[in-house]
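Asker: below: sequence and its predicted model.
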Amino acid sequence: MRLKTILQSSKSKKIIFFLVFLILSFIFIRGIIFSKGLVVGSDWMMPLTFQQMGEYIERQFYTWTYDMNLFGVKNPFFVTLPFVFLVKMFVLFGLNGEILSKALIIMIFTLSGTSMFLLLKFLGLKNVSSVVGGFIFITMPVFFNYTIMGWCFVLLAVGTILPITVICFIKSVEEKKIFYSVISGLLFSVAIIQSQSLVWFPMVFLALSFYLVKDKATFLSYAKSILIVILIALALHSSWWPNLILNHDPGVMNSDLGLDSVSLGMRSRLSVINILRAWGGLFNYQYEISYPKSLMPISFLISLMAIASLLLRKVNKRDIRIPLVVILFYMVILFFIDPRFMAKMPFSNLIRDIGRFTILTSFSYTILASFFLSYLLESVNKKKKFFAFFLLFLIFLNSFSFFSGKLYGEAQNNYDVRLRTYRFSEDYYFAENYLNKIKRDVKSYYPPSGTNIGIKNQPKLDVDFKEIKDPFRGYSPIPGGIYMYYSSMGKPPEISFLLDSLFNENHSAKYLLLMGMMNIEDIIIRNDINYPDAQMPSIAYLLSNTESKNLLNFGKVQIIKNKYFLPHFYIPQNIIYSNEDTGSLVDIVDSGDRNIRSAIFLTDNTEKNVEDLDKARIIQTADEIFVKWELENAINEEKLRTSSPGELNIKHDFSKLVYKIEIPKDGEYEIFISENGEKKNLGKKYFEKGNQELVLPIKGISENLIDKNLQIKDYISDSIYKVRFDYQTLNNANFFIKENNNKGIAQTNLSSTGEKFEHFEMYFKSSSGATNAAIHLSAPKDNNPDIKYKNVQIQRILQPSLILESIKPQASISKPQTPKITFVKINPTKYKVKVEGAKEPYNLVFSESFHQGWKAYVSDQQSAISNQQYGEVVASYFDGEIKEGTHKNIFLDRNTFETGGKKSIPEERHLLVNGYANSWYITPEDTNGRQDYEIIIEFGPQRSFYIGLFISGLTLMGCLGYLIFTFFRKK
């Protein structure tokens with residue numbers, strides 16, 4: 001009797017229903033739960049090992065992160081602290097990322113079903129209708145698709161948190177109790193773990209006003225609740241949003257992310273019919289092909305039930321149908337807004353792609369459908385009850401894709417992906433342990449660039465759309481990942497594409513030199529993953545040409561030590577000036593002796609160009625000058641792409657090469673011309689500073705390259721060609737160039753000429769990777785096929801770049817002695833550099849991504865700097881000229897705000913160097929003439945983060961204190 005009483009209690013029933021959803025969750029993903037390995041695929045990238053979990057946790061507390069960028073990038077958001085807490089709990093209990101990834105899916109399905117059940121109960125539905133409503137919710141297509149995609153935070157925010165937030169928000173307005181407003185604010189703050197919640201939750205609050213606001217009193221109560229919720233959310237997230245506005249992080253503050261090719265591609269499955277049946281989620285393809293065709297007639301079941309609920313007079317004690325229709329209407333509005341128009345809306349990057357908003361339509365459809373089901377089940381009419389049970393049967397059938405294991409089943413084609421698990425080789429763990437023991441502040445590189453890898457001989461994991469995220473790279477103890485797409489972190493820096501391109505060519509020492517300038521010491525090669533065909537020769541070269549002492553073997557993982565790498569901080573011995581962009585770094589490194597420490601200043605850089613004053617100083621003090629100029633009146637490749645073949649009428653003097661150049665500094669220069677990667681030395685010449693014209697007596701066009709079989713001799717890819725011939729045909733004909741025996745380019749229609757010959761002439765550009773080609777002339781088969789031609793000529797147009805490299809005088813003046821430095825890392829946002837023997841101005845290079853938030857402060861301490869501050873020397877470079885101290889990794893201590901109120905090195909002397917890094921020009925005036933001193937390098941936004949985190953902490957304690965006090969006062 002007592003057991004029956006317990007089971008009938010309200011709390012016990014809720015626990016039972018919770019267990020129902022827990023069991024359903026296990027059934028839905030049973031094939032994943034009981035398989036070995038980490039959940040992988042699509043955007044799934046959970047930290048796997050305890051080291052990776054620790055790395056993930058640490059990154060969430062700094063405004064400068066190596067998340068997806070080995071060079072470092074500003075972290076625009078700090079919204080994952082709730083998940084950080086969960087990860088920390090798993091670490092404390094000795095549970096790794098494999099268990100975490102599976103537990104997360106179970107938690108989301110279970111809590112989402114339970115949350116919807118509680119909301120429906122709150123709205124007045126009985127237990128059966130509420131349980132079925134929860135079941136409908138977690139079997140909506142968005143749960144299927146987003147689980148596969150790894151978008152757990154979307155489901156967590158709207159599936160788990162939003163229903164409870166709606167309950168508390170309605171109670172806060174109806175009962176006029178701040179207690180529930182505070183809970184709503186806390187829940188909203190947690191939901192911002194998915195950034196789109198910043199838009200979704202206010203949209204839901206606004207929609208609820210149509211139900212909650214009935215008169216002036218309810219309006220004031222509603223406004224008060226909204227204000228409290230928003231203020232709590234702002235205060236709890238004050239660690240990041242002020243920084244976001246002050247620094248104008250483009251990945252969030254801009255409005256062009258929706259025009260990115262990936263975002264536009266996400267709209268492809270978003271159609272009116274899919275929105276109507278709640279199938280409009282992103283990457284809906286998986287659900288569409290998993291859903292049985294035989295059940296297609298009931299695919300509109302939930303939406304039809306939702307529409308039917310709107311025809312009822314009253315559904316329950318809390319009739320929120322109008323707000324739910326408003327939420328559906330949001331989706332309609334967004335669907336018909338052109339992405340180009342949306343890109344003009346401020347902060348539209350937060351919206352990014354409207355397909356994500358189908359999570360809200362799923363939320364709305366579920367509640368409306370549950371209203372209709374409740375109406376039928378509670379009816380005394382037997383026919384209605386019978387129809388209700390028939391609907392229950394159809395609802396069960398509609399969830400076939402979940403019960404049948406389609407979430408983790410076999411993919412049906414190349415574009416189809418499913419939930420998978422993968423066990424990484426033990427060799428990965430051994431290599432990670434080695435990297436974790438490295439005490440130096442260096443970088444690594446895991447080719448190929450990007451976040452995905454394909455696993456050899458694993459059909460589920462080795463091709464496009466089936467590749468997996470790489471946690472060993474993403475959470476490497478030594479930064480090693482690099483992203484190649486537009487994200488909330490912003491657009492990838494130019495250096496990312498340059499680094500990736502290095503492996504697309506035959507590798508040589510110059511590429512190691514360039515990676516050395518990027519502070520890359522370790523290159524990690526895995527022989528069980530797929531590399532692009534273009535990168536295989538580079539990988540083979542590296543492995544076969546690396547000395548045994550610089551090659552570490554961990555089975556399937558090889559680590560190549562780059563003997564040319566430069567430490568995180570260094571003072572260059574050689575200053576190089578160039579008028580080029582980041583892409584020229586390969587050519588610059590390839591010329592001359594680069595074994596000495598160099599700093600390369602580029603004037604053509606999209607991230608920060610050298611200002612005129614600094615340009616003059618750099619040119620004057622430069623040890624080498626490297627300038628590049630393009631051919632005057634060169635054939636415009638853009639016109640070749642946009643003009644129809646044969647329409648481009650180019651008149652050009654090919655008898656010589658003419659260049660208009662600007663010489664930055666008097667001196668003798670070596671002259672080179674470069675085309676298609678080949679560089680030719682034309683000798684030396686003295687140039688005076690200023691604008692000049694240089695004429696080279698070199699023909700700009702080749703000899704005729706056509707052979708008797710109309711094959712093009714010595715065919716070169718990515719080159720411009722001129723073709724001309726005379727032809728005669730009685731009917732229309734066509735002409736094209738056939739490359740690599742299969743691909744046709746430069747296709748052109750030839751008009752009938754009657755009995756006479758006509759002249760034809762055009763330009764075209766050969767394709768990338770093309771190695772052979774031939775001319776094809778033909779006429780339609782149903783007409784007279786005869787076509788005559790003569791005087792066929794094909795010539796390659798030569799458009800080499802001109803490169804001038806300054807020559808150092810034989811009796812060059814000896815340079816002052818380079819100061820000695822010792823540096824130590826306090827944390828990812830703060831470093832200290834001890835300088836000794838600095839008598840002259842010098843450049844200090846800091847090999848992190850350039851950002852104006854990095855500031856350099858000269859310490860005003862007059863006393864000698866204690867060696868204890870730098871700890872034990874863990875590395876010494878260049879005969880002790882540069883030393884590296886023991887890194888501390890201190891989040892907060894008494895010296896955290898030591899630079900507060902101090903003046904930094906002027907920003908005009910904070911320059912971009914080596915195509916990506918920071919440099920400061922330090923003068924004796926900055927140090928008051930001292931030769932020995934300390935420089936503090938600090939990322940400014942971190943200071944604001946500390947202040948915001950303090951405000952967030954006070955807010956959280958205040959909210960929790962208020963809730964606890966109010967709760968016990970009720971008692």
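Answerer: It's in. This is a predicted model, so every value here is computed, not measured.

Asker: name the nearest residue to G871, ignoring sequence neighbours.
Answerer: Nearest non-adjacent residue to G871, counting by Cβ to Cβ, 6 or more residues apart in numbering: T886, 3.1 Å away. Where C-beta positions appear, they are placed from N, C-alpha and C, glycine not excepted.

Asker: likewise L119?
Answerer: P163 (3.8 Å).

Asker: confidence score at the one you found?
Answerer: Per-residue pLDDT puts P163 at 98.

Asker: ok, it to G133 distance?
Answerer: P163 sits 10 Å away from G133, going by Cβ to Cβ, to the nearest Å.

Asker: between the two, what contacts are shared?
Answerer: M116 (Cβ atoms under 8 Å, 6 or more residues apart in numbering).

Asker: my understanding was that V158 contacts V204; is that so?
Answerer: No. Counting by Cβ atoms under 8 Å, V158 does not reach V204; the two are 9.0 Å apart.

Asker: now the common contact residues for those two.
Answerer: L360.

Asker: neighbour count for those two, which is higher?
Answerer: V158 (29 against 24; other Cβ atoms under 10 Å).

Asker: wait, is the more buried one part of a helix?
Answerer: Yes. Assessed by DSSP: H, G, I helix; E, B strand; the rest coil, V158 belongs to a helix.

Asker: and it, what does it touch?
Answerer: Neighbour list for V158: A191, Q194, S197, W200, I359, L360, F363 [criterion: Cβ under 8 Å, 6+ apart].

Asker: so which of those residues is the closest to R321?
Answerer: For the contacts of V158, the closest approach to R321 (Cβ to Cβ) belongs to F363, at 13.6 Å.

Asker: show me the contacts for the closest one.
Answerer: Applying Cβ under 8 Å, 6+ apart to F363 gives the contacts F137, V158, L162, P163, I327.

Asker: redo that, cut-off 7 Å
Answerer: F363 is in contact with V158, L162, counting by Cβ atoms under 7 Å, 6 or more residues apart in numbering.

Asker: pull the number of nearby residues for D786.
Answerer: Per other Cβ under 10 Å, the neighbour tally for D786 reads 11.

Asker: any idea how far it is from S752?
Answerer: Taken as Cβ to Cβ, the span from D786 to S752 is 12 Å.

Asker: just R321 next, same as before
Answerer: Relative to S752, and taking Cβ to Cβ, R321 is found at 70 Å.

Asker: how about the helices in the stretch 601-750 of the chain?
Answerer: Along the stretch 601-750 of the chain, the segments classed as helices by DSSP state H, counting those that start in this stretch run 612-621, 637-642.

Asker: can you tell me which of those the model trusts least?
Answerer: Mean pLDDT is lowest for helix 637-642 among the helices of the stretch 601-750 of the chain, at a mean of 66.

Asker: what's the spacing between stretch 150-164 and its chain's center?
Answerer: Stretch 150-164 sits 22 Å away from the centroid of its parent chain (Cα atoms, centre = their mean, to the nearest Å).

Asker: again with stretch 297-317
Answerer: That offset, for stretch 297-317, works out to 41 Å (Cα atoms, centre = their mean).

Asker: pull out the buried positions in that stretch.
Answerer: Buried residues in stretch 297-317, counted by 16 or more other Cβ atoms under 10 Å: 298-306, 308-309, 315-316.

Asker: okay, and for the stretch 1-150 of the chain, where does confidence drop off?
Answerer: Counting by pLDDT under 70, the stretch 1-150 of the chain has low-confidence residues at 1-10.

Asker: ugh, wrong one, the stretch 151-300 of the chain
Answerer: For the stretch 151-300 of the chain (pLDDT under 70), the answer is 250-269, 280-283.

Asker: what about F78, neighbour count?
Answerer: Using other Cβ under 10 Å, F78 has 23 neighbouring residues.

Asker: doesn't it belong to a strand?
Answerer: No. Assigned with three-state DSSP, F78 falls outside any strand and is coil.

Asker: stretch 912-921 spans what distance, first to last residue?
Answerer: Its start and end residues considered, stretch 912-921 measures 11 Å (Cα to Cα, to the nearest Å).

Asker: again with stretch 90-101
Answerer: This stretch, stretch 90-101, spans 11 Å end to end (Cα to Cα).

Asker: how much space between L377 and F389?
Answerer: According to Cβ to Cβ, L377 and F389 sit 9 Å apart.

Asker: which one of the two is surrounded by more residues?
Answerer: L377 (19 against 11).

Asker: if I pick that one, what's in contact with it?
Answerer: Residues in contact with L377, defined by Cβ under 7 Å, 6+ apart, are V128, S129, K385, A388.

Asker: for M762, helix, strand, or coil?
Answerer: Once three-state DSSP is applied, M762 turns out strand.

Asker: pLDDT wise, what is it at?
Answerer: Among the per-residue scores, M762 shows a pLDDT of 87.

Asker: pLDDT weak spots in the stretch 451-600 of the chain?
Answerer: In the stretch 451-600 of the chain (pLDDT under 70), the answer is 486-489, 505-507, 592-595.

Asker: residue boundaries of the strands in it?
Answerer: 452-453, 468-469, 520-526, 551-554, 557-561, 569-570, 574-578, 598-602 (DSSP state E, counting those that start in this stretch).

Asker: would you tell me which of these gets closest to L24?
Answerer: With Cβ to Cβ, the closest approach to L24 among these belongs to strand 468-469: 27.1 Å.

Asker: touching that closest one from outside, list them.
Answerer: V40, G41, D43, W44, M45, Y422, T451, N452, I453, L461.

Asker: helix, strand, or coil at the residue nearest to G871?
Answerer: Applying three-state DSSP: T886 is coil.

Asker: remind me, longest helix of this protein?
Answerer: If each helix of the chain is counted by residues according to DSSP state H, the longest one is helix 941-970.

Asker: mind listing what's buried along it?
Answerer: Within helix 941-970, the residues that count as buried by 16+ other Cβ under 10 Å are 941-946, 948-949, 951-952, 955-956, 959, 963.

Asker: can you give me how far it is from the chain middle?
Answerer: Its chain's C-alpha centre lies 32 Å from the corresponding centre of helix 941-970 when counted by Cα atoms, centre = their mean.

Asker: quick check: mean pLDDT of it?
Answerer: pLDDT averaged over helix 941-970 gives 93.
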